[in-house]
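1. The amino acid sequence is not available; the structure is as follows:
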Ligand code: DOR
Ligand code: ZN
């Protein structure tokens, strides 16, 4: 097969940032994806419906003319989130979901939730109204090794949470471990996961062998090879519980190539080609549309996109860096040759 046409995909996990970077990066996502879940970890974070509405307007101003792209906004949960503002924001069509960042887990998560008990009322309301909870699934305890933080979060936080609230709709974002795959597979249809391109392509060696490579660093950090293989099986197996969420997370080149480099991989420029390469390598092209374009809308209870995207086998060299309206960013796969390219969208 040298060409593949799928319904237009959506990206269920995106960081667009704000200001000039927002202007610079939004076209890469809007070119390919119909909709995207927009993560709220700005400075200050998007914690209210009014802030989300204002942010959505700034995003729309950065969407190229003629694009039908729709940003789907999320609420950054804090210990003080108002269940009423959240539910009203959802009813008004401003919020699609809410994002749980354990405080201190990742970029701009300092205002996140310090204990799940502090948002119990918020979660009860979300369970009642069927509002999805997007979860950054890592504990922050200093005594837990960073490579174990996802598995420990599943044991200590997510499993008891779903026992208490069995109807809560949860997306375990950017799954990186066998434990995450098994947890999602064993859970009900109210539990799903996104998987990023980088966690399908790289294991932790990519970060650490032959020199320290900051552009392969994101959170949750890439794990051992056995975990990457489990993620590839999950993504390409045709299950509706795993779907596309790139976690594209742009940071300026100099902030990643630093003594304390930022976490995040900017994969938006070739994300769809990157995923398709994995499905091709796994001989699973027949499941690509399910992962990219069907499973996400089904989980979020939204219609699938009407239009389509066609990719063809063709060599494309990924640039070494990208100018995002004045900020230099190194994209995922920089300098590599991809075996697929987007031929058309219509
Ligand atoms: O690598 C990451 N970057 N992981 C996250 O959870 C946040 C993201 C960011 O915002 O840069
Ligand atoms: Zn993210």
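-> Now that the structure is in, tell me what you want to look at. Keep in mind it's a predicted model, so treat the numbers as computed, not measured. Ligands and ions are numbered 1, 2, ... in the order given.
2. and the chain, which residues reach ligand 1?
-> Contacts of the chain with ligand 1, taken as Cβ under 6 Å from any ligand atom, map to 15, 41, 106, 107, 136, 218, 219, 249, 263, 264. Where you see a C-beta, it was placed from the backbone N, CA and C, and this is true even at glycine.
3. need those in a markdown table with secondary structure and pLDDT, can you?
-> Written out in a markdown table, the entries for the residues of the chain next to ligand 1 read as follows (DSSP: H, G, I helix; E, B strand; the rest coil; pLDDT from 0 to 100):
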| residue | secondary structure | pLDDT |
| --- | --- | --- |
| 15 | coil | 98 |
| 41 | coil | 98 |
| 106 | coil | 87 |
| 107 | coil | 85 |
| 136 | coil | 98 |
| 218 | coil | 98 |
| 219 | coil | 98 |
| 249 | coil | 98 |
| 263 | coil | 98 |
| 264 | coil | 98 |
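4. if we take those, which one ends up nearest to residue 119?
-> Sorting the residues of the chain next to ligand 1 by how near they are to residue 119, with Cβ to Cβ, puts residue 136 at the top with 13.5 Å.
5. Neighbours of the closest one, how many?
-> Around residue 136 there are 24 other residues, counting by other Cβ atoms under 10 Å.
6. Residue 59 versus that one, what's the distance?
-> Distance from residue 136 to residue 59, counting by Cβ to Cβ, to the nearest Å: 21 Å.
7. Which members of the residues of the chain next to ligand 1 are the farthest-apart pair?
-> Pairwise distances across those peak at 13.4 Å for 41 and 218 (criterion: Cβ to Cβ).
8. Contact partners for residue 262?
-> The neighbourhood of residue 262, defined by Cβ atoms under 8 Å, 6 or more residues apart in numbering, consists of 107, 251, 255, 256.
9. With residue 58 instead?
-> Shown in contact with residue 58 (Cβ under 8 Å, 6+ apart): 18, 22.
10. Now do the buried residues in the strand or helix carrying it.
-> For residue 58, the host element (DSSP states H and E) is helix 49-62. Of the residues in helix 49-62, those with enough neighbours to count as buried (16 or more other Cβ atoms under 10 Å) are 49, 51, 52, 53, 55, 56, 58, 59, 62.
11. sec struct for the nearest residue to residue 67 once chain neighbours are set aside, please.
-> The shortest distance from residue 67 to any non-neighbouring residue, by Cβ to Cβ, 6 or more residues apart in numbering, is to residue 30 (4.5 Å). When states are read from DSSP: H, G, I helix; E, B strand; the rest coil, the local structure at residue 30 comes out as helix.
12. and residue 30, how many neighbours?
-> By the other Cβ under 10 Å criterion, the neighbourhood of residue 30 contains 25 residues.
13. What of the one 4 residues further on?
-> Around residue 34 there are 23 other residues, counting by other Cβ under 10 Å.
14. so how far is the one helix or strand residue 296 maps to from its chain's centroid?
-> Of the helices and strands defined by DSSP H and E, residue 296 is found in helix 295-300. Counting by Cα atoms, centre = their mean, to the nearest Å, helix 295-300 is centred 14 Å from the centre of its parent chain.
15. does ligand 2 sit close to stretch 98-117?
-> No. Taking Cβ under 5 Å from the ion as the criterion, stretch 98-117 and ligand 2 are apart, separated by no less than 7.2 Å.
16. ok, back up a step: and residue 41 and residue 218? Which one has more around it.
-> For the pair residue 41 and residue 218, the greater number of neighbours falls to residue 218 (26 against 22), based on other Cβ under 10 Å.
17. Double-check the more buried one against residue 267; I have them as touching.
-> No. Using Cβ atoms under 8 Å as the test, residue 218 is too far from residue 267 to be in contact (9.3 Å).
18. if I look at these two, which residues touch both of them?
-> Residues within reach of residue 218 and of residue 267 at once, by Cβ under 8 Å, 6+ apart, are 196, 198, 247.
19. check contacts around the second one.
-> The neighbours of residue 198, taking Cβ under 8 Å, 6+ apart as the test, are 216, 218, 222, 247, 265, 267, 332.
20. hang on, it in a helix?
-> Yes. For residue 198, which was evaluated using three-state DSSP, the result is membership in a helix.
21. from what I can see residue 266 touches residue 251, true?
-> Yes. Residue 266 sits in contact with residue 251 when judged by Cβ under 8 Å, with a separation of 7.2 Å.
22. Which residues are in contact with each of the two?
-> Common contacts of residue 266 and residue 251 (Cβ under 8 Å, 6+ apart): residue 329.
23. Flag every buried residue along stretch 302-309.
-> Buried residues in stretch 302-309, counted by 16+ other Cβ under 10 Å: 304, 305, 309.
24. So what touches that stretch?
-> Contacts to stretch 302-309, defined as Cβ under 8 Å, 6+ apart, come from residues 5-10, 32, 34-35, 68, 272, 293-294, 297, 342, 344-346.
25. got the end-to-end distance for that stretch?
-> 19 Å (Cα to Cα, to the nearest Å).
26. and what of stretch 142-154?
-> For stretch 142-154, the end-to-end distance is 17 Å (Cα to Cα).
27. Show me what it is in contact with.
-> Under Cβ under 8 Å, 6+ apart, the answer for stretch 142-154 is 102, 105, 137-141, 172, 175-177, 179-180, 183, 204, 220-221, 223-224.
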